[in-house]
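J.: I would like the atomic coordinates for the input below:
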Amino acid sequence: MSGHPYPDPAQQPHGATPGWTPPPSGGSWYPPAGTATATLPPAAPPPAPSPEKRRAGRLRIGVAGLLAGALIGGGAGAGVVALTDGGGSGGGATAPAQSVVIRDPANATAVTAAAAKAAPSVVTVYVTSGSGSGSGSGVVLSEDGYVLTNDHVVTLDGAGQDATVQVRTSDGRLHDATVVGTDPTSDLAVIRLQGAEGLTPATFADSDDVQVGDLAVAIGAPLGLSDTVTDGIISATNRAVATGSTQDDATVIDALQTDAAINPGNSGGALVDATGEVVGINTAIASVASGAPGSSSQSGNIGVGFAIPSNTAKRIADEIVRTGSATHAVLGVNARTDGSGEVGTGAQVVQVQPGGAAEDAGLQAGDVVTAVGDRVVTSSTELTAAIRSSAPGDTVELSVERGGRTSTVEVTLGGSGG
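T.: Residues are numbered from 1 along each chain as shown. As a prediction, the model looks like this:
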């Protein structure tokens, strides 16, 4: 899959986040604490590309105001993909599938056990179109062939419309597949294998129970190497991550962060816990941008990867299977990061959408949202991520500053899509 090329480092302002791009009107590209944006390497085409042709994505940590002027929680608003580590980026010929087998139970580790349980539910996804080809990973949803993966995997980062999709299961069988539906807003898609039966569906854990420090095991096909297992821990939860290089192709994810090695090709694969249950769908990695101070051009794992939490992924997957599309929670405001320089202090409401959830709850232009429930909000990106982690119809409590006073407001979220 193609990635987003880095902007010319010579055009970056002094002190800007690596990968700086001009800020949207009224917004700021400087990173407030606690938010993150990222871009990853592309998916890997079967033949390894030469180094000069390989393009990598980039993670931008904390781009405050990324969605300034964008409808919070609404619409597909931006394309997806850049962030995801997802696809397999060029790295050699496709490797044959191999099973994860416990041969020495007495000395097996927690990682061995988790991988043995989850690996049969992870597949390798190959996508080919007239504009190119790439590979990624997927997670089995049903015995009869429904598979969850990333939108950017099946669309080749948006360049592979009408692409041909094939899937190799963990037992080595190759199936043709059709796309059931895609959801660019969350970077998720569901495909269905033709003629499949007896597959092993993954077990999804409750991602709300995930804690920092928990064991995290990533399973997928980095660089086309099927059934690759890497391990680490959960480094952060509720990490607001924005993908894409501009406001127009941004997708905001309320992500789990992990230091388990994730590389191009892992996108769409499983992040599992110590019991082998899926806690997230791997979707993005941070990489060091070319031209960053003290760094050289790099792509691939640097210990900062992101996964879509299983609760969100499962809800959207179920909707796509039922209806072919997904819905998303909408607050109904345009917002930008409040604060100055690199320090965000909240999400300032710029405009309230008529007839929306925010208007019904009494929010006004100029209000600054500082928390959603007990979750602190320091930027518009964090507000977007927090809202999108909910479902349409959910009621959330917002902490709102107005005229020097802070109050709490209950909002029943609207919905979009579907």
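
J.: Please enumerate the helices of the stretch 151-300 of the chain.
T.: 151-154 (DSSP state H, counting those that start in this stretch).

J.: Low-confidence bits of it, can you list those?
T.: Along the stretch 151-300 of the chain, the parts satisfying pLDDT under 70 run over 160, 244-250, 288-300.

J.: What is the neighbour count of Pro105?
T.: 9 (other Cβ atoms under 10 Å). Bear in mind the C-beta positions are built from the backbone N, C-alpha and C, glycine included.

J.: Can you show me the CA trace of the longest strand belonging to the chain as CSV?
T.: Secondary structure of the chain per DSSP state E: the longest strand is strand 228-243. The C-alpha coordinates for strand 228-243 follow below in CSV (Å, rounded to 0.1, in the frame of the first residue of the first chain):
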residue,chain,number,x,y,z
THR,A,228,4.4,-13.8,13.0
VAL,A,229,4.1,-13.3,16.8
THR,A,230,5.6,-10.4,18.7
ASP,A,231,5.0,-9.5,22.3
GLY,A,232,5.2,-6.5,24.6
ILE,A,233,2.8,-4.7,27.0
ILE,A,234,-0.1,-2.2,26.8
SER,A,235,1.7,1.1,27.0
ALA,A,236,-1.3,3.3,27.2
THR,A,237,-5.1,3.2,26.9
ASN,A,238,-7.5,5.9,25.4
ARG,A,239,-4.7,7.3,23.3
ALA,A,240,-6.1,9.8,20.9
VAL,A,241,-4.4,9.1,17.6
ALA,A,242,-5.1,10.9,14.3
THR,A,243,-4.0,9.3,11.1
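
J.: Please spell out which residues along that strand are buried.
T.: Buried residues in strand 228-243, defined by neighbour count with 16 or more other Cβ atoms under 10 Å: 228-232, 234-235, 237-243.

J.: Ser186 reaches Ile253, doesn't it?
T.: Yes. Judged on Cβ atoms under 8 Å, Ser186 makes contact with Ile253 at a distance of 7.1 Å.

J.: Those two: who's more crowded?
T.: Ile253 (32 against 28).

J.: Give the closest residue to Gly213 in space, chain neighbours not counted.
T.: Excluding its sequence neighbours, the residue lying closest to Gly213 (Cβ to Cβ, 6 or more residues apart in numbering) is Ile233, at 5.5 Å.

J.: what residues are up against that neighbour?
T.: Neighbouring residues of Ile233 by Cβ atoms under 8 Å, 6 or more residues apart in numbering: 212-216, 258-260.

J.: So which of the residues you listed is the closest to Arg168?
T.: Lowest distance from Arg168 to those (Cβ to Cβ) belongs to Ala260, with 22.2 Å.

J.: Could you report the neighbour count for that closest one?
T.: Counted with other Cβ under 10 Å, Ala260 comes out at 25.

J.: Could you report the distance from it to Gly332?
T.: Per Cβ to Cβ, to the nearest Å, Ala260 is found 37 Å from Gly332.

J.: Domain boundaries for the chain, per the record?
T.: 26-325, 327-417 (automatic domain parsing).

J.: Is Val111 located within a helix, as I assumed?
T.: Yes. Under DSSP: H, G, I helix; E, B strand; the rest coil, Val111 falls within a helix.

J.: Look up which residues are beta-bridged to the residue nearest to Gly213.
T.: Leu215 (DSSP bridges).

J.: could we number from 59 for the rest of this?
T.: Sounds good: first residue 59 from here, last item Ile291.

J.: And it, how far from Ala318?
T.: From Ile291 to Ala318 the distance is 8 Å (Cβ to Cβ).

J.: pretty sure Val427 contacts Val408?
T.: No. The criterion here is Cβ under 8 Å, and Val427 misses it with Val408 at 11.7 Å.

J.: picking up where we left off before, any residues in contact with both of Ser244 and Ile311?
T.: Common neighbours of Ser244 and Ile311 (Cβ under 8 Å, 6+ apart) are 366, 446.

J.: if we can go back for a sec, sort out which of the contacts of Ile291 are buried, if you could.
T.: Burial by neighbour count, judged by 16+ other Cβ under 10 Å, picks out 273-274, 316-318 from those.
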